[in-house]
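[1] sequence? don't have it. structure:
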């Protein structure tokens, strides 16, 4: 429809012209295709056309670079070829129905002759020696298959041939060929076939191809099935960010949320939202989450049901935050939390999901600052109302009896209620507590809840934290918590026995009788006196006194029994649950206190009455919390730290693993805060912990950096290091990790400076035993980089530990896991860490001696010790990777050492590397004469096979004054990889403008080539 009227001969062009015009991007390709096709259709014998077409196509196919002219030609060829595919309804691409095939056998060609020709031509070319031709062949097959209709069919034989060819090409040496081959196979996948070779090849590539772009190409086109899903999920943890990004996009676009298990959904969100790359996090927020919500009709609570929020609350909260960020503010309040008119969720409708949503929403609005205040009032009540609501809910959480604990459903119900309680307590942080009345009510509720024995113990630390957040003054905090602890530990109990009613009645009757008898006696007494019977009166008087005493006795008894009923008794409770509650509150208090707050009388009282006695408790949980409290308390007072260091050291070696780890953390924290001088002030004799190591193990190398070295008893600091060193060999991975992390902190802060310890940490990092210990590997991986970037002195420690580490690996027995470590990789790490440019503040002085200079001298010395050792080759390769400074003296010394080495090293590979080094170190003037005096002459070997030593092999090590400078320079050399390095002067990088100009000049035009050929042919 693009040509007016009937097509005439003028519209037809020959092949050469079509190819020439096709190179220009602005040419109308559809017109070119139409006129060339019109010409083709008129030809009787098509084979000449085919030959000529292939001839011109070859010009484009030998160009590997993505030149615009070549890309245009390829696009034109693909369009021309695909114009011969008839619409899929006629049986063109191989028949749609078997029955029709039989009926219309005459009509149905297998394929159009031009298509058959082009496919044959490309399939023959795919094995060419030239990678350009292989690339273009795969690219064209990809474009041809891609342009076929949705339901197109293809001849079985051709299908198999393409399939076989592409299966070979996806293993090509060149990544670009592999990419095109993979894309070409997209439409050859059969997801229903469990043994589909294409899908198997794709899965293999995803796992093993070293090139990220190839992995991306396969990710973009692999068909989704339960088998392939696992491989795609694995790519979300790929080393390259753009592969991870694409993996998340593919999951968002092609995988329904119901196709993933709960664990897979949670881990996708956990990793995706914490990815180191901003772009990947963005894709999770803007593509994956909206895709999931779309499939759940935008119901966020429903999405939370699809995650296991009770076991992944943190991830769920982060997910909600990510969702809220992409929702307009006004829509936030049309929320999915069913709040009643008090702006509360009715207690009976609270679920794990809606309480989490409510909390996340309030925290998100709160984070907007002043803008969010008005909105917050619409989703949260005032503080006093909320406090009463919380109190009511917490009191309703049932306490299970022993029998009920055996019933899993009951336990599950209580766990759910505790989960909801936790998040309701977190919401206190969003309340407006500036108003005094509301704040007091919240404080009162929190204090009551902490004092109630039936409050679940899992909520104690959270309640304490919120309580302390509401009180700003440390002394008030201490006072408040101490009072609560005292109420919990010594609750007020009523009288032990209730008053017996019968007893009380009996006493009343007795009292009445006595009173009557007294009255009678007094009456008689009066009568006797008036009758002047004095002797009888005296007797009566005595009996009245007795009766009155009796009356007073009875009154006292009655009063006492009444008093017993009202009497209050404080009894001390020492059961593990109570102690654990009190210690938890205490630990939270000590943690929240300002580090500068000193230990006052109240804290000391808690220490002596609660913390220290609990350290001797028989219950591990109580002991553990007491150790945490002791360590945190000691951070507030150097005196306490000195007093209890020995106790902590003993616990770290003798108790259960969890408690040992707590003690170890305490020790590390105290050493970080107070330094090793702390030990100088503890009596040296008692501080040394019993250790299995003999004194020989304690090398002088483990230097402890302190301000007052003289005061530190070496053996104490030493014994701590020996203890830590033993922990690094522990079977228990948690203890090992905690120790490694502690040592890393001590080294980074400069409390320890020890090449030996650093070597131990490097070996631990590489040791296959720690492969599954993700935290350890992550921690050390970060530490090595931070440590060496920090200062020149740190780089020197690394340099000092280099040979130690290499020797340990070289001498590792075959049975040791260290025997499996790749030494080359370890050496590369050391070279990278000690590069002058790796420092945060590199020195600008290139003349200055740098750490690599020391390393070079050290390596030469090591090689001279035993020139025939197997590691000499490794050392020679390392030498060529070093970035040396331009200091003349250093260079001369190194040359001397290298020349000595060349005399004694026999290995050819080494010799070549050493000669190259000498060549690079020398000035151009000296190069010729230097090389003539090295290995090009026969070696001076004595009759007995030893080498003649013109100079002693160590005469040059560590002699020059140059080796006393201490700052670092980024070398102006590029560094060599020891192979294929041009031995020319260092090249200057061209500017961007120069590059652009050069690029313009190199833009390819195929026309001159085509014309030149045409003249010859």
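    That came in fine, so what should we check first? Quantities reported herein were computed from a predicted structural model and do not represent experimental measurements.
[2] Which residues are in contact with residue 664?
    For residue 664, the set of contacting residues under the criterion of CB atoms under 8 Å, 6 or more residues apart in numbering consists of 652, 727, 735, 738-739, 742. In short, each C-beta sits where N, CA and C put it, glycine included.
[3] Apply the buried test to the residues you listed and list what passes.
    Taking 16 or more other CB atoms under 10 Å as the criterion, what is buried in these is 652, 727, 735, 738-739, 742.
[4] closest to residue 823 among the residues you listed?
    Taking CB to CB as the measure, residue 823 sits nearest to residue 739 out of the buried ones among the contacts of residue 664, at 25.0 Å.
[5] Spit out the contact partners of the closest one.
    The neighbourhood of residue 739, defined by CB under 8 Å, 6+ apart, consists of 664, 724, 727-728, 730.
[6] farthest pair in the residues you listed?
    Within the contacts of residue 739, 664 and 728 form the most distant pair, 11.8 Å apart (CB to CB).
[7] still on that earlier bit, now, which of the contacts of residue 739 sits nearest residue 179?
    Closest to residue 179, out of all of the contacts of residue 739 and judged by CB to CB, is residue 728, at 45.6 Å.
[8] The closest one reaches residue 759, doesn't it?
    No - between residue 728 and residue 759 there is no contact, the gap being 11.2 Å when judged by CB atoms under 8 Å.
[9] List the contacts of stretch 286-306.
    Contacts for stretch 286-306 (CB under 8 Å, 6+ apart): 248-249, 251-253, 256-258, 262, 265, 268, 272, 316, 319-320, 322-323, 326, 336, 352-354, 356-357.
[10] Narrow those to those in helices?
    Residues of these located in helices (DSSP state H): 248-249, 251-253, 262, 265, 268, 272, 316, 319-320, 322-323, 352-354, 356-357.
[11] all strands of this structure, in order?
    All strands of the chain, identified by DSSP state E, fall at 492-493, 569-570, 703-704, 752-753.
[12] Show me what the last one is packed up against.
    Right, the one you point to is strand 752-753. If contacts are counted by 3 or more CB pairs under 8 Å, 6 or more residues apart in numbering; DSSP states H and E, strand 752-753 sits against strand 703-704, helix 733-748.
[13] Select, out of those, the one closest to residue 440.
    Judged by CB to CB, the one of the helices and strands packed on strand 752-753 that comes nearest to residue 440 is helix 733-748, at 41.9 Å.
[14] Residue 455 and residue 411, how far apart?
    When CB to CB, to the nearest Å is the yardstick, residue 455 and residue 411 sit 18 Å from each other.
[15] Comparing these two, which residue is more hemmed in?
    Neighbour count, other CB atoms under 10 Å: between residue 455 and residue 411, residue 455 has more, with 20 against 13.
[16] burial of the closest residue to that one other than its chain neighbours, as a residue count?
    For residue 455, ignoring the flanking residues on the chain, the nearest one in space by CB to CB, 6 or more residues apart in numbering is residue 449 at 5.1 Å. A count of neighbours around residue 449, defined by other CB under 10 Å, yields 24.
[17] check contacts around residue 449.
    With CB under 8 Å, 6+ apart as the criterion, the residues that contact residue 449 are 391, 394, 455, 459, 463.
[18] Low-confidence bits of the stretch 101-250 of the chain, can you list those?
    Segments of the stretch 101-250 of the chain classed as low confidence (criterion: pLDDT under 70) are 101-111.
[19] at 80 what do you get?
    Counting by pLDDT under 80, the ranges of the stretch 101-250 of the chain that qualify are 101-111, 151-154.
[20] Would you confirm that residue 769 contacts residue 817?
    Yes - the pair formed by residue 769 and residue 817 meets the contact definition of CB under 8 Å, at 5.1 Å.
[21] rewinding a little: now, of the contacts of stretch 286-306, which are buried?
    Burial by neighbour count, judged by 16+ other CB under 10 Å, picks out 248-249, 251-252, 257, 265, 268, 272, 316, 319-320, 322-323, 352-354, 356-357 from these.
[22] Out of the helices and strands in this protein, which is least certain?
    The element with the least model confidence among the helices and strands of the chain, by mean pLDDT, DSSP states H and E, is helix 98-103, at a mean of 40.
[23] Point out the ones among the contacts of residue 739 that are inside helices.
    When the contacts of residue 739 are checked against helices using DSSP H, the ones located there are 664, 724, 727-728.
[24] about what we covered before: I'd like to know which of the contacts of residue 739 is nearest to residue 312.
    Checking these against residue 312 with CB to CB, the nearest one is residue 664 at 29.1 Å.
[25] any idea how far residue 773 is from the closest one?
    According to CB to CB, residue 664 and residue 773 sit 16 Å apart.
[26] related to what we said a few turns ago, dump the contacts of residue 739 to JSON lines, plus distance to residue 676 and pLDDT.
    Compiled in JSON lines, the contacts of residue 739 are given as follows (distance: CB to CB, whole Å; pLDDT from 0 to 100):
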{"residue": "664", "distance to residue 676": "16", "pLDDT": "97"}
{"residue": "724", "distance to residue 676": "12", "pLDDT": "93"}
{"residue": "727", "distance to residue 676": "18", "pLDDT": "94"}
{"residue": "728", "distance to residue 676": "19", "pLDDT": "93"}
{"residue": "730", "distance to residue 676": "23", "pLDDT": "91"}
